[in-house]
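*Asks:* whatever this is, show me its structure:
(2 chains)
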Amino acid sequence: GAGVSQTPSNKVTEKGKYVELRCDPISGHTALYWYRQSLGQGPEFLIYFQGTGAADDSGLPNDRFFAVRPEGSVSTLKIQRTERGDSAVYLCASSRDGQETQYFGPGTRLLVL
Amino acid sequence: GQSLEQPSEVTAVEGAIVQINCTYQTSGFYGLSWYQQHDGGAPTFLSYNGLDGLEETGRFSSFLSRSDSYGYLLLQELQMKDSASYFCAADTGRRALTFGSGTRLQVQP
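*Replies:* As a prediction, the model looks like this:
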């Protein structure tokens, strides 16, 4: 079956612009996670969805970051007024409810100029 | 706070055995996972230890000691394709994983 997919694979934007990053989880996975990974570091948790609701958004760095999952499948991470420090790889993962294994997508490489 | 410590780099030769250690300090702990990530690729799940002891999956084994807040990943019969970064990640009970900063393994011929 298909794995987790993310689009776009690369995004270059200018400081101050708005961006949307999309994640398609594995079919049937109710849990969805967003992480951010800077060069040479491990993934850093941003937000976790169980179904349509954000069960834990404690990792979002500030109110410029927002994510939705309106139908319990595809999720969109939205970043307003981008800053150069937002440049990173944004990873999405999904898992079956109750299972510890998370399956990661290839990530979106965001570069803010 | 939550922290996981692992060596930044390890070098080994093809065919050898290498051990990557991970020590953790977390406010809650349910288990330790290991992920592999090739340059430019997605993290890929390798193993999970929810209980103390050794878990074996082919050439890879993982160990956990809760009393020592310590775990390790053991890679046997190293191959060139094993050159990658390896991350330990703690399940602290909040579903999201807390990752270490990764160990870059370089396998030499």
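
*Asks:* check which helix or strand covers the spatially most central residue of chain A.
*Replies:* Centroid check for chain A by CA atoms, centre = their mean gives A:Trp34 as the closest residue, at 3.4 Å. Element membership for A:Trp34, per DSSP states H and E: strand A:31-37.

*Asks:* and the pLDDT for the residue in chain A that chain B sits nearest to?
*Replies:* Of all residues in chain A, A:Gly42 sits closest to chain B, at 3.2 Å by CB to the nearest CB. Placement of C-beta: from N, CA and C, glycine included. Turning to A:Gly42, the model gives it a pLDDT of 95.

*Asks:* what parts of chain A come near chain B?
*Replies:* A:4, A:31, A:33, A:40-45, A:48, A:50, A:55-56, A:59, A:91, A:93, A:100-107 (CB under 8 Å from any CB of the partner chain).

*Asks:* so what's the closest residue to B:Leu54 other than its chain neighbours bridging to?
*Replies:* Nearest in space to B:Leu54, with sequence neighbours left out and distances taken as CB to CB, 6 or more residues apart in numbering or on different chains, is B:Phe63 at 5.0 Å. Beta-bridge pairing for B:Phe63 (DSSP bridges): B:Leu54, B:Tyr72.

*Asks:* how about the helices in chain B?
*Replies:* Along chain B, no segments are classed as helices by DSSP state H.

*Asks:* quick one: contacts for the one residue in chain B that gets nearest to chain A?
*Replies:* Residue of chain B nearest chain A, by CB to the nearest CB: B:Phe99 (3.2 Å). Counting by CB atoms under 8 Å, 6 or more residues apart in numbering or on different chains, B:Phe99 makes contact with A:Gly42, A:Pro43, A:Glu44, B:Leu4, B:Tyr35, B:Phe87, B:Cys88, B:Ala89.

*Asks:* now with 7 Å, please.
*Replies:* A:Gly42, A:Pro43, B:Leu4, B:Phe87, B:Ala89 (CB atoms under 7 Å, 6 or more residues apart in numbering or on different chains).

*Asks:* what's around residue 65, how many residues?
*Replies:* All of this is about chain A. Using other CB atoms under 10 Å in any protein chain shown, A:Phe65 has 18 neighbouring residues.

*Asks:* actually it's chain B I care about, not the one you picked
*Replies:* 13.

*Asks:* quick check: chain neighbours aside, which residue is closest to it?
*Replies:* Counting by CB to CB, 6+ apart, the residue nearest B:Ser65 is B:Asp52, at 5.8 Å.

*Asks:* ok, and what's touching the strand holding A:Trp34?
*Replies:* Contacts for strand A:31-37 (CB under 7 Å, 6+ apart): A:23, A:25, A:43-50, A:67, A:69, A:75, A:77, A:88-95, A:97, A:102, B:95-96.

*Asks:* about what we covered before: check the gap between the residue of chain B closest to chain A and B:Tyr48 for me.
*Replies:* 14 Å (CB to CB, to the nearest Å).

*Asks:* now swap in A:Val68 and tell me
*Replies:* 29 Å.

*Asks:* and these two? which has more neighbours close in?
*Replies:* B:Tyr48 (18 against 15).

*Asks:* ok, the more buried one - contacts?
*Replies:* B:Tyr48 touches A:Glu100, A:Thr101, B:Gly31, B:Ser33, counting by CB under 7 Å, 6+ apart.
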